[in-house]
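Chemist: Based on what follows, work out the 3D shape:
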Amino acid sequence: MIGKGSPGYENLAVALSELSDKEIQQLDSLISQPVYRKFQKAMNSPSARDALAQGIYSSGYSAEDVIKRVLRNHGLKY
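Modeler: Sure thing, here's the model as predicted:
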């Protein structure tokens, strides 16, 4: 899905290049947390990834919109 040289990889590289060293360290801390790893594991199946992508694209929402909606549904602030 995001292999080296793919459009996803290139977009991710551009986005990360705009972050400071401190922001990269914060991002590393976030994605190293057990809850994020649990989320990754849950989303690892092809059917889960396809369903998420289809839901996002068909609704017109960005990934950020979807994340915010999930957080709100759980009573959390973004």
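Chemist: residues touching the residue most central in space within the chain, list them.
Modeler: Against the mean C-alpha coordinate of the chain, by Cα atoms, centre = their mean, the closest residue is A63 at 7.0 Å. Residues counted as contacts of A63 (Cβ atoms under 8 Å, 6 or more residues apart in numbering) are I56. Yep, even glycine has a C-beta here, placed from its N, CA and C like the rest.
Chemist: Which helix or strand lies directly C-terminal to the one helix or strand Q54 maps to?
Modeler: Using DSSP states H and E, Q54 sits within helix 46-59. Following helix 46-59 in sequence order, the next helix or strand is helix 63-73 (DSSP H and E).
Chemist: Would you mind writing the CA trace of that following helix as PDB?
Modeler: Extracted in PDB, the C-alpha atoms of helix 63-73 (Å, rounded to 0.1, in the frame of the first residue of the first chain):
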ATOM      1  CA  ALA A  63      -8.700  10.700   7.300                       C
ATOM      2  CA  GLU A  64      -8.500  13.600   9.800                       C
ATOM      3  CA  ASP A  65     -12.300  14.000   9.700                       C
ATOM      4  CA  VAL A  66     -12.800  10.300  10.400                       C
ATOM      5  CA  ILE A  67     -10.300  10.300  13.300                       C
ATOM      6  CA  LYS A  68     -12.000  13.400  14.800                       C
ATOM      7  CA  ARG A  69     -15.500  11.700  14.400                       C
ATOM      8  CA  VAL A  70     -14.300   8.500  16.100                       C
ATOM      9  CA  LEU A  71     -12.700  10.500  19.000                       C
ATOM     10  CA  ARG A  72     -16.000  12.500  19.400                       C
ATOM     11  CA  ASN A  73     -18.000   9.300  19.400                       C
END
